[in-house]
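# Following is a predicted model, sequence given first.
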Amino acid sequence: MEISESSPSESETSLSSLFDSGLDLFNSLEKSEEPTSNLEVQVQVKRCMKMLEDATKLVSMADMFSKNEDFDEIPTESIKYFLLPALLGSLATKLCDKAHRLHYVNVSEVYFYDFLERVKGYGITDVEIPERKAETGEAPQQLSSPAPPSNTKMIEDMVHTRESKLKRFREEKELQEQLVILRKAMDNPNLDDETVRKYFVTLIKSYVMKAIDEINSLAQEKDILGYMEKMKREGAEESTKPRDYQPPKLQPIIITKNDVQKKVFGAGYPSLPVMTVEEFYEKKIADGEWSAAGPGASAKSLQDMTNNQNSNQETPEDLEKEGKIERDDEEYLMQQRAMDEYKDTHKRGWGNRHNRS
């Protein structure tokens with residue numbers, strides 16, 4: 001729209017119709033039951049934003065609001081334009097784009113703070129505006145860390161916050177009740193200037209409550225988004241670094257006398273044997289840690305000597321045991337395992353200690 005090519009009255013008419021159309025579309029989006037992420041809803045949100053942005057440009061060019069004038073000096077037909085930043089801030093929160101969500105949150109905050117500061121500057125409201133945080137969602141850095149608040153101070157702050165919320169809730173409820181009555185009055189063909197002025201002032205005060213709630217919600221969302229962004233950056237940096245060597249998981253290695261013992265004690269033994277003395281010796285030689293004449297050789301020869309001595313002194317009882325082992329006699333194997341479990345829980349020398357000092 002070109003204001004310079006139109007007369008003031010035509011400009012005001014086109015601005016008013018543009019704002020009214022944008023407000024109607026905004027109200028229909030607020031009442032819509034469709035999810036915000038719906039493509040059609042997103043298209044309408046952006047369309048509504050474009051209309052209200054154009055209206056804002058026209059208001060700025062017309063220089064309607066000046067810090068040097070009082071609210072009583074503002075014409076009734078111009079009061080509704082105070083709502084522009086509040087409407088745009090609310091629409092910005094509806095934009096669904098994960099990649100740019102933090103940017104939209106920051107934009108929404110700018111709109112809401114502009115709205116609150118302007119209406120408070122004109123004396124329309126006297127609410128306490130929440131403290132503005134840094135753009136990243138983190139509190140501004142301070143030269144010296146403040147002392148942690150005492151328990152009494154924390155309780156006082158909690159009570160104050162709760163009272164403020166309750167007060168806003170009661171005020172908003174009263175404002176909504178007034179708006180229902182005033183909206184009906186706005187349909188009257190013989191509408192007077194005072195009713196129009198009261199309607200928009202009440203509407204502005206209602207959006208003041210909504211803006212404060214939105215700012216508090218956005219502050220929490222900024223903290224979460226800022227933390228997620230930080231973790232994403234750290235993850236990207238970590239992915240570029242070479243991965244540290246991860247050693248294989250440690251496995252228990254219990255050295256057993258021979259293959260027979262390995263088979264007997266392997267299934268039910270607390271620590272699983274995976275290697276005999278001979279296998280252990282051959283592995284050491286294969287790994288180059290021992291030579292054939294090294295410590296393993298003497299260990300092997302001692303083992304052989306023990307085996308030879310045992311074989312020369314074998315009794316019929318020993319032969320019967322070996323036969324059972326070779327045949328995998330189930331009863332014998334179960335006895336051996338039971339004996340091992342018994343030894344694990346009954347240490348040698350414990351016995352009956354009754355009446356012992």
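Arrived safely, thanks for sending.
# in the stretch 1-150 of the chain, which ranges drop under the pLDDT threshold?
Under the criterion pLDDT under 70, the flagged ranges of the stretch 1-150 of the chain are 1-13, 133-150.
# can you rerun that using 80?
1-13, 66-68, 132-150 (pLDDT under 80).
# try the stretch 151-300 of the chain
Scanning the stretch 151-300 of the chain for pLDDT under 80 picks out the ranges 151-169, 171, 229, 233-284, 287-300.
# switch to 70 and redo it
For the stretch 151-300 of the chain, the ranges with pLDDT under 70 are 153-154, 156-157, 159-161, 237-277, 280, 290-300.
# could you pull out the strands for it?
Remark: strands assigned in the stretch 151-300 of the chain by DSSP state E, counting those that start in this stretch are 255-256, 275-276.
# State whether residue 132 is indeed within a strand.
No. Residue 132 sits outside any strand when classified using DSSP: H, G, I helix; E, B strand; the rest coil, being coil.
# Roughly how far does it sit from residue 109?
Look at residue 132 and residue 109: by C-beta to C-beta, to the nearest Å, they are 7 Å apart. Yep, even glycine has a C-beta here, placed from its N, CA and C like the rest.
# Between the two, which has more neighbouring residues?
Using other C-beta atoms under 10 Å as the criterion, residue 132 and residue 109 rank with residue 109 on top: 23 against 13.
# That one reaches residue 130, doesn't it?
No. At 9.8 Å, residue 109 does not count as touching residue 130 under the criterion of C-beta atoms under 8 Å.
# which stretches of the stretch 51-200 of the chain form helices?
For the stretch 51-200 of the chain, the helices defined by DSSP state H, counting those that start in this stretch cover 84-93, 101-121, 151-186, 193-240.
# which of these sits most buried?
With neighbours taken as mean count of other C-beta atoms under 10 Å, the helices of the stretch 51-200 of the chain reach their highest mean count in helix 84-93, at a mean of 23.
# I figured residue 225 hits residue 103, correct?
No. Contact criterion C-beta under 8 Å: residue 225 and residue 103 do not qualify, at 9.8 Å.
# For stretch 76-94, what is the spacing between the initial and final residues?
End-to-end distance for stretch 76-94: 30 Å, by C-alpha to C-alpha, to the nearest Å.
# likewise stretch 84-102?
End-to-end for stretch 84-102, by C-alpha to C-alpha: 22 Å.
# What separation is there between residue 86 and residue 155?
Residue 86 sits at a distance of 33 Å from residue 155 (criterion: C-beta to C-beta).
# what does residue 73 give?
Residue 73 sits 45 Å away from residue 155, going by C-beta to C-beta.
# Same check on residue 321?
As judged by C-beta to C-beta, residue 321 and residue 155 stand 79 Å apart.
# Which one of the helices of the stretch 51-200 of the chain lies nearest to residue 65?
helix 101-121 (7.0 Å; C-beta to C-beta).
# just checking, what packs against that closest one?
Judged by 3 or more C-beta pairs under 8 Å, 6 or more residues apart in numbering; DSSP states H and E, the packing partners of helix 101-121 are helix 84-93, helix 193-240.
# TSV please, covering those helices and showing distance to residue 65.
Below are the helices and strands packed on helix 101-121 laid out as TSV (distance: least, C-beta to C-beta, whole Å):
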stretch	distance to residue 65
helix 84-93	10
helix 193-240	13
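# Kindly state which of those helices is positioned closest to residue 40.
For residue 40, the closest of those is helix 84-93, at 15.2 Å, according to C-beta to C-beta.
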